[in-house]
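K.L.:
generate a structure from the sequence data that follows.
(chains A and B)
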2 protein chains.
Amino acid sequence: MRIAITGAAGMVGRKLTDRLIADGTLNGTPIESLHLQDIVPFEPPSASFAVTTETRDLADPGVAEGLAARNADLIFHLAGVVSGEAEANFDKGYRANLDGTRLLFDAIRLREGYIPRVVYSSSIAVFGAPFPPAIGDDFQPVPLTSYGVQKLIGELILTDYTRRGFMDGIALRLPTICVRPGKPNLAASGFFSSIIREPLAGKEAVLPVSRDLVHTHASPRSAVGFLLHAAGLSSEEIGPRRAITLPGVAVSVGEQIEALRRVAGEKAVALIREEPDPAIASIVNFWPQRFEAIRARDLGFTAETSFDDIIRIHIEDELGGRLQ
Amino acid sequence: MRIAITGAAGMVGRKLTDRLIADGTLNGTPIESLHLQDIVPFEPPSASFAVTTETRDLADPGVAEGLAARNADLIFHLAGVVSGEAEANFDKGYRANLDGTRLLFDAIRLREGYIPRVVYSSSIAVFGAPFPPAIGDDFQPVPLTSYGVQKLIGELILTDYTRRGFMDGIALRLPTICVRPGKPNLAASGFFSSIIREPLAGKEAVLPVSRDLVHTHASPRSAVGFLLHAAGLSSEEIGPRRAITLPGVAVSVGEQIEALRRVAGEKAVALIREEPDPAIASIVNFWPQRFEAIRARDLGFTAETSFDDIIRIHIEDELGGRLQ
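P.N.:
Next comes the predicted model:
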């Protein structure tokens, strides 16, 4: 099996790459080659199969065609700019998330006889308030950010191209990935991870919102699991609705903190400093909170069942299994 | 008030033009000028105010910019290719319905200080099966045609550009317009109109589907009414969800025929010849049937309340008020 990943240098892309290299197979089929694309430079990993890399912008002329010409059986399309950046920089967001995606899908469409499985990372940002208490699989997506609009347009083109037989696509509406490794970033959602990650590393973290705020999370390990599971589903199982809202752990910030107390003790919790930020609160209060995700569970997608597990996975995967 | 219409030579565009010229005002404001654009040539109408016309393709370079430069306070964006054509001709559909719309919205966005009201004709084709018995305002749109995908992408860009303050858009999901005047066409939905229009003109009509099939209709007069009403709504009334599913008359084909019998008698009904066409049935059986359209009614959009009225309006508006 030949695999390509766009946005391979991103957090999820790197973890997916590592997993594919560690496994050497995908859903029982040996991996022959892996092609990694990203706009930012990254270290080519070593593997028991051929790995090629390309540091180019998918929205530049010819790049998407070049990627399609590699004839990967499976493309993980993860490339794109994140929510905050797409909102702050109009042109960059539409170019990367909409034009880049359309160019890739068109390059696949125009390649005679080439019908790869395409696993596309969409987002729960396709949903905009007001919401029901739990968002069902039939609830309308009406994004309230440019990022959400761009991701939803990608889903729609993927669905149409799949129906027409140009490709075999599946779009995954990923929940917030938590605990995000690395340094704190400026994303409005960053505190969901930093209030866990920083105390686990013995550092202080700021909580800018109320402890009552509910949100849905899945670990980076689950995110990779979602992508691999999607790659193995048959087109018949997926059916005509190609975008799937994924499951996760719906917890309040207070419950996140209680889980941290159970896993890492009072000392960790004491490092969380409450510092309400009305600007962040006004953004996150419009975010979706809970999802039914019945279709995804029926299709075999699984996430953690408790936030304690999400914290333990972070300790295993990022901290070598040990607390500081 | 300066008004522009794209797709002005289409059936709805022509009726909208006639109505604006007849009224001379829109929602109480005198009309200063009317600019009409279409890809196909059309006769410039005469009016008490200035009327300009342009026969060019909105997707050609510079055309959208030229239209935005006219500084219309209100743009009715009706241009596009119809469902059957968008399905049969991939490139034409994406070019006209997606690229043309995006170019227009971008031309508006890039014109400094220009924030027109844009009334965009979307369609119930944004919905794809399976459906609930009646489609509620919160039901997810998952189109099963390229036309539906293109219309929905237009809605999304309109919603994002409106949220960002680039324009003041509203998208109307029009039901099937019936009775469509003119000659029978090859659209799969054509029979809904032809089984009424042809018998009223003393001609035979073919019914290719079961009499049990339910569908939602509104008259061409209502379609124009929807557009004018949308033009007058305040942005606050519309709120952040800019796409509105419109009301109509949900009837079975059998009920359509009974209405024809009441309005035009047995002689007209006898001209309908049943000739089942499995190809057409397989298409229309996947179409949405009923809509709740509660939001639209709350916003003051009104349609006919019986199919008898839809037939009477056709007789008044197309047949000079008299049966043959």
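K.L.:
those strands in chain A, which residues are they?
P.N.:
With strands called from DSSP state E, chain A shows them at A:2-6, A:25-26, A:29-30, A:33-38, A:50-55, A:74-77, A:117-123, A:168-174, A:176-177, A:205-207, A:214-218, A:243-245, A:249-252, A:272-274.
K.L.:
chain B: which of those strands is closest?
P.N.:
Closest of the strands of chain A to chain B is strand A:243-245, at 7.8 Å (criterion: C-beta to the nearest C-beta). Just so you know, the C-beta spots here come from the backbone N, C-alpha and C atoms, and that holds for glycine as well.
K.L.:
buried set for the closest one?
P.N.:
Counting neighbours by 16 or more other C-beta atoms under 10 Å in any protein chain shown, one finds that the buried residues in strand A:243-245 are A:243, A:244, A:245.
K.L.:
from those residues, which are also near chain B?
P.N.:
Taking C-beta under 8 Å from any C-beta of the partner chain as the test, chain B is in contact with residue A:243 out of the buried residues of strand A:243-245.
K.L.:
any chance of TSV for the buried residues of strand A:243-245, columns distance to residue A:180 and pLDDT?
P.N.:
TSV is the format used below for the buried residues of strand A:243-245 (distance: C-beta to C-beta, whole Å; pLDDT from 0 to 100):
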residue	distance to residue A:180	pLDDT
A:243	23	98
A:244	22	98
A:245	20	98
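K.L.:
related to what we said a few turns ago, so which of the strands of chain A comes closest to residue A:146?
P.N.:
Of all the strands of chain A, strand A:117-123 sits nearest to residue A:146, with 12.2 Å by C-beta to C-beta.
K.L.:
helices or strands up against that closest one?
P.N.:
strand A:74-77, helix A:100-109, helix A:146-163, strand A:168-174, helix A:220-232 (3 or more C-beta pairs under 8 Å, 6 or more residues apart in numbering or on different chains; DSSP states H and E).
K.L.:
got the residues of chain A near chain B?
P.N.:
A:90, A:128, A:132, A:137-144, A:146, A:149, A:152-153, A:156-157, A:159-160, A:163-164, A:240-241, A:243.
K.L.:
go with 7 Å
P.N.:
Within reach of chain B by C-beta under 7 Å from any C-beta of the partner chain, chain A has these residues: A:128, A:138-142, A:144, A:146, A:149, A:152-153, A:156-157, A:159-160, A:163, A:240-241.
K.L.:
quick one: average confidence on stretch A:279-290?
P.N.:
Regarding stretch A:279-290, the rounded mean pLDDT is 87.
K.L.:
what's the pLDDT at the residue nearest the centre of chain A?
P.N.:
When C-alpha atoms, centre = their mean is applied to chain A, the residue found nearest the centroid is residue A:174 (4.9 Å). On the pLDDT scale, residue A:174 is placed at 97.
K.L.:
for it, what are its contacts?
P.N.:
By C-beta atoms under 7 Å, 6 or more residues apart in numbering or on different chains, the contact list for residue A:174 reads A:121, A:123, A:124, A:223, A:226, A:246.
K.L.:
turn those into CSV, including neighbour count, distance to residue A:310 and pLDDT.
P.N.:
Compiled in CSV, those are given as follows (neighbours: other C-beta atoms under 10 Å in any protein chain shown; distance: C-beta to C-beta, whole Å; pLDDT from 0 to 100):
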residue, neighbour count, distance to residue A:310, pLDDT
A:121, 25, 19, 98
A:123, 25, 18, 95
A:124, 22, 16, 95
A:223, 24, 11, 98
A:226, 26, 14, 98
A:246, 27, 14, 98
